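Asker: no sequence on this one, just coordinates:
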């Protein structure tokens, strides 16, 4: 019997439904070989030769697969068709002592009977270019992590670590925080007029121009000027000068890629990127969606034909487009898969999916987005009125404008719900006079740039060419797990003190590591390795040689940072003063007599959370303690009162300052 090896037991179980009795399906449970954890595992003096090992936990599985492979007539590797999947297949060949010429490699983008059987009819050779690209990324990340982290331990604080791509994400968050701190709000004013026609119809128009000149952005900043405008409008004559009526068409969005799925799931379902990918992985392995790590917008002709038939049958002819709608990816090289994320069986509607609730919600999002992508544009009847207000005394002419729209044809909105509000304007004629009911102004304040949330961070990473579809979720998870950033009550990222300190050190001493352009260029280099245009060892060498030289130089130049704050507290063990020190988990008290005295303890209130104004937040329950960020036994975080156990207030989300608040 022939043996098929895949990565996961769920995937094996799904494929077994199609091939039971014909093939034996086994799982490798992911990667079976990796670089050793206890050492660098890369021979930098011998052309960066990696030293792969089989972890202890994998040895039993490897032995079992070896036995199965020896007994099989043919071994077929059916890991995912991307760099990671190709590397897993390559490691299987190495670890199981398989003959690469005799071992078959098949790949498919959806786990359906037709896709799997078609793949079995056309096996292909292992793509060593993809393997090399994955190896290069793994080795680069290992070199940065294992070489730079000890530098941070020695020069900043124990337990810190640095990652090649994660450090760029941390920099983006830290720099945004700096922009927010430096931001100075400015007051500006908007002016509007409430008008009425002869029939009693009312409308409100906003001031757009003065004597033909557009208003400054974001508005008028001189309050006396606003007062003059209001007085002029009170004595002005209002007349409709221009009426524009046209149809506005909105095109449906493309089906999902990895990044857009993670962004939309964050906005609509409040899923983290990590959750989204976990649920999507389950849907893929059960055969419900196509491969979920992709930056391609391609759609198969079969899928668009099925979509057209479904639309005709369920929505009617007017919703069926004559030709399928295809989309072009903005990515230079959509290498992670050949199709966008879509349902494998459109007739399996979300309400009929047998899955856990989170998976059902994500499936519905994917299902609706794909169907919507093949529906007609939504059409709105849009109207824009321009109204002139002339003041005979001041000779000033003010132009006010108002726009409205009404949905004429829902098109793709029938499947893809989107918030919009019909705004119908009264029917007026050019030259028609209007009466002023009220002229008013409203003051506003400019706002700082918003902190990144998961959706906006993924978007900026993708726009800058940082990371790839498979890396967005791990990037975000790692910087949180390292306690470099945290999420506030608005689910937006803020750097912690230690996160800002790490970022400052990296920016000052290793600028290329956290430079977006440098990191994006490295991603392009990895793409070129995958295309066979570059050799992986040369790419690694060109990065490592200057990096290693700079690191050696910085070890000599950079002094150990004395991040200590004196306190009046005395060590109860030796009587010496206690000082405040930093660790990756925040501040703590330590004896100044270290290393002779190793006494340390937590500080109530010194890791207190602050609000947007930088003020320490009082406990909303007792009002006497401060809100501090604490770690659970499993390594997660929550918010609690510094007066614990006297006050047992706790919340998973960052609280407000309101008494009794827990959200």
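Answerer: Everything's here; your move. Note that the structure is predicted; figures quoted are calculated from it, not measured.
Asker: can you pull the contacts of the nearest residue to residue 539 once chain neighbours are set aside?
Answerer: Leaving aside its chain neighbours, residue 539 sits nearest to residue 525 (4.8 Å; criterion: C-beta to C-beta, 6 or more residues apart in numbering). For glycine as for every other residue, the C-beta is placed from the backbone atoms N, C-alpha and C. Applying C-beta atoms under 8 Å, 6 or more residues apart in numbering to residue 525 gives the contacts 136, 534, 539.
Asker: Please apply the same query to residue 467.
Answerer: 165, 461, 475, 523.
Asker: Buried ones among those?
Answerer: Buried members of the contacts of residue 467, scored by 16 or more other C-beta atoms under 10 Å, are 165, 461, 475, 523.
Asker: Tell me the first helix or strand C-terminal of the helix or strand harbouring the second one.
Answerer: This means residue 461. Assigned by DSSP states H and E, residue 461 belongs to helix 454-463. Sequence order places helix 472-481 as the next helix or strand after helix 454-463, per DSSP H and E.
Asker: still on that earlier bit, what's the most distant pair in the contacts of residue 467?
Answerer: Using C-beta to C-beta, the contacts of residue 467 span at most 12.5 Å, a distance reached by 475 and 523.
Asker: got the phi/psi numbers for residue 77?
Answerer: Residue 77 adopts backbone torsions of phi -100, psi 120, taken as degrees, to the nearest 10.
Asker: residue contacts, it?
Answerer: Residue 77 touches 4, 5, 89, 92, 93, 103, 104, 105, 106, 126, counting by C-beta under 8 Å, 6+ apart.
Asker: Out of those residues, who's the most crowded?
Answerer: Scoring the contacts of residue 77 on neighbours with other C-beta atoms under 10 Å, the highest-scoring entry is residue 89 at 28 neighbours.
Asker: is it true that that one lies in a strand?
Answerer: No: Residue 89 is assigned helix when assessed by DSSP: H, G, I helix; E, B strand; the rest coil, not a strand.
Asker: Just the pLDDT at the residue lying closest to it once chain neighbours are set aside, thanks.
Answerer: The shortest distance from residue 89 to any non-neighbouring residue, by C-beta to C-beta, 6+ apart, is to residue 77 (4.1 Å). With respect to pLDDT, residue 77 scores 98.
Asker: same deal with the one 3 residues further on?
Answerer: With respect to pLDDT, residue 80 has a value of 94.
Asker: One more: residue 625?
Answerer: 80.
Asker: For it, list the residues it contacts.
Answerer: With C-beta under 8 Å, 6+ apart, residue 625 has these contacts: 604, 605, 618, 619, 641, 642, 643, 644, 646, 647, 649.
Asker: ok, it to residue 277 distance?
Answerer: 38 Å (C-beta to C-beta, to the nearest Å).
Asker: likewise residue 15?
Answerer: From residue 15 to residue 277 the distance is 21 Å (C-beta to C-beta).
Asker: Check residue 244 too.
Answerer: On the measure of C-beta to C-beta, residue 244 and residue 277 end up 46 Å apart.
Asker: ok, these two, which is more surrounded?
Answerer: Per other C-beta under 10 Å, whichever of residue 244 and residue 277 has more neighbours is residue 277, with 24 against 11.
Asker: Whatever helix or strand the more buried one lives in versus helix 472-481: what angle between them?
Answerer: Counting by DSSP H and E, the element that carries residue 277 is helix 273-285. Helix 273-285 runs at 150 degrees relative to helix 472-481, counting by axes from the mean of the first three to the mean of the last three C-alpha atoms, to 10 degrees.
Asker: still on that earlier bit, hang on, the residue nearest to residue 539 in a helix?
Answerer: Yes: assessed by three-state DSSP, residue 525 belongs to a helix.
Asker: Quick check: it vs residue 542, distance?
Answerer: Applying C-beta to C-beta to residue 525 and residue 542 gives a distance of 8 Å.
Asker: again, but for residue 649
Answerer: In terms of C-beta to C-beta, residue 649 sits 54 Å off from residue 542.
Asker: More neighbours: which of the two?
Answerer: The neighbour comparison of residue 649 against residue 542 (other C-beta under 10 Å) goes to residue 649, with 20 against 13.
Asker: Can you list phi and psi of residue 6 for me?
Answerer: Torsion angles at residue 6 (phi, psi; degrees, to the nearest 10) stand at phi -120, psi -180.
Asker: Over to residue 109?
Answerer: Residue torsions, per degrees, to the nearest 10, at residue 109 are phi -100, psi 0.
Asker: any idea how far it is from residue 196?
Answerer: On the measure of C-beta to C-beta, residue 109 and residue 196 end up 61 Å apart.
Asker: List of residues touching the helix or strand immediately after the helix holding residue 277 in the chain?
Answerer: Read in the C-terminal direction, the helix or strand following helix 273-285 is helix 301-315, with elements assigned using DSSP H and E. Residues outside helix 301-315 that contact it (C-beta under 8 Å, 6+ apart) are 319-321, 324-326, 339, 342, 346-347, 370-371, 374-375, 414-415.
Asker: Sort out for me which of these are in helices.
Answerer: Applying DSSP state H to these, the entries found in helices are 370, 371.
Asker: Verify the contact between residue 72 and residue 1 for me.
Answerer: Yes: with contact defined as C-beta atoms under 8 Å, residue 72 counts as touching residue 1 (6.5 Å).
Asker: Now for residue 246: which residues touch it?
Answerer: residue 382.
Asker: The same query, at a cut-off of 10 Å, please.
Answerer: Contacts for residue 246 were tallied using C-beta atoms under 10 Å, 6 or more residues apart in numbering; they are 380, 381, 382, 383, 384.
Asker: of those, closest to residue 360?
Answerer: residue 380 (31.8 Å).
Asker: Test my guess that the closest one contacts residue 420.
Answerer: Yes: under the criterion of C-beta atoms under 10 Å, residue 380 is in contact with residue 420, at a separation of 8.2 Å.
Asker: Between the two, which contacts overlap?
Answerer: 250, 405, 407.
Asker: got a pLDDT number for the first one?
Answerer: Translated: residue 250. Looking at residue 250, the pLDDT reads 96.
Asker: again, but for the second one
Answerer: In this prediction, residue 405 carries a pLDDT score of 96.
Asker: list the contacts for residue 478?
Answerer: Counting by C-beta under 10 Å, 6+ apart, residue 478 touches 161, 163, 165, 166, 167, 169, 170, 471, 484.
Asker: and with 8 Å instead?
Answerer: Taking C-beta under 8 Å, 6+ apart, one finds 163, 166 in contact with residue 478.
Asker: and if you look at the one 5 residues further on?
Answerer: Neighbouring residues of residue 483 by C-beta under 8 Å, 6+ apart: 496, 498, 499, 584, 585, 586, 637.
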